[in-house]
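A.B. asks: Attaching a predicted model along with its sequence, questions to come.
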Amino acid sequence: AQSVTQLGSHVSVSEGALVLLRCNYSSSVPPYLFWYVQYPNQGLQLLLKYTSAATLVKGINGFEAEFKKSETSFHLTKPSAHMSDAAEYFCAVSSFSGNTPLVFGKGTRLSVIA
Amino acid sequence: GAGVSQTPSNKVTEKGKYVELRCDPISGHTALYWYRQSLGQGPEFLIYFQGTGAADDSGLPNDRFFAVRPEGSVSTLKIQRTERGDSAVYLCASSLRGAGGYTDTQYFGPGTRLTVL
């Protein structure tokens, strides 16, 4: 079985500060990992995904994430927060070899303070 | 191009009633997924279609839930004898191929907020 743990249901940062959203996964097969963002009253939008190529993945809106197998982590970062980054962020795991559906974490709400 | 659309955007019903939720995927996408998102939770998988057939319905909570995709495009999620615990946002997503089952990028619709009174 696969699972995702997102540490911190709410993270607050100042505008211009580093954004770090934590995600740890559990998987018995090589994982594919995803970060999605959800703005109020909108559907989820893919930020980036790891599919066993480069361990450092760059996504949209200046976000990136690094796959660390030894730590079973896939933390999301952005060097400088913008007000428009305020949203709900979800980490998810699936597997090509396991042919399993996306399993999402509970989400982290990011607030950006002016 | 047009994204995934879902209708209605909001649905309020009474306990015991039947509801249908509709999903229009992105044109040409063969894979379609339904998820349920309860308050304060991440989306939970319900069912996955590859073309017209349900390739994986392991997430459907019980036999009150059923989904169809008769022509391989539009899908309808049907809930019989609704219960208050069914209240949630129901999300639909589609992907081009569904290659490897679930690793293809999924594009989500805005969801249908179902409230069972």
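C.D. replies: Nice, I can see it.
A.B. asks: C-alpha from now on. contacts and neighbour counts both.
C.D. replies: OK.
A.B. asks: Right, and chain B sits closest to which residue of chain A?
C.D. replies: Taking Cα to the nearest Cα as the measure, chain A has residue A:43 as its residue closest to chain B, at 3.9 Å.
A.B. asks: OK, contacts around that residue?
C.D. replies: Listed by Cα atoms under 8 Å, 6 or more residues apart in numbering or on different chains, the contact set of residue A:43 reads B:91, B:108, B:109, B:110, B:111.
A.B. asks: tell me which of those is nearest to chain A?
C.D. replies: Using Cα to the nearest Cα, those come closest to chain A at residue B:110, 3.9 Å.
A.B. asks: ok so, going back, give me the pLDDT for the residue of chain A closest to chain B.
C.D. replies: On the pLDDT scale, residue A:43 is placed at 85.
A.B. asks: Now do the strands in chain B.
C.D. replies: With DSSP state E as the criterion, chain B has strands at B:5-7, B:10-13, B:19-24, B:31-37, B:44-50, B:53-56, B:65-68, B:75-79, B:88-95, B:107-108, B:112-116.
A.B. asks: Which secondary structure elements does the shortest one sit against?
C.D. replies: Counting contacts by 3 or more Cα pairs under 8 Å, 6 or more residues apart in numbering or on different chains; DSSP states H and E, strand B:107-108 packs against strand A:44-50, strand B:88-95.
A.B. asks: so how far is that strand from its chain's centroid?
C.D. replies: 11 Å (Cα atoms, centre = their mean, to the nearest Å).
A.B. asks: That strand - what's its average pLDDT?
C.D. replies: On average, strand B:107-108 scores 92.
A.B. asks: So is stretch B:54-63 next to chain A?
C.D. replies: No: counting by Cα under 8 Å from any Cα of the partner chain, chain A is not contacted by stretch B:54-63; separation bottoms out at 8.6 Å.
A.B. asks: circling back: so can I have JSON lines of the contacts of residue A:43 showing neighbour count and distance to residue A:75?
C.D. replies: JSON lines is the format used below for those (neighbours: other Cα atoms under 10 Å in any protein chain shown; distance: Cα to Cα, whole Å):
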{"residue": "B:91", "neighbour count": "27", "distance to residue A:75": "25"}
{"residue": "B:108", "neighbour count": "27", "distance to residue A:75": "22"}
{"residue": "B:109", "neighbour count": "24", "distance to residue A:75": "25"}
{"residue": "B:110", "neighbour count": "23", "distance to residue A:75": "26"}
{"residue": "B:111", "neighbour count": "30", "distance to residue A:75": "27"}
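A.B. asks: taking those residues as a set, which two sit the farthest apart in space?
C.D. replies: B:108 and B:111 (8.0 Å; Cα to Cα).
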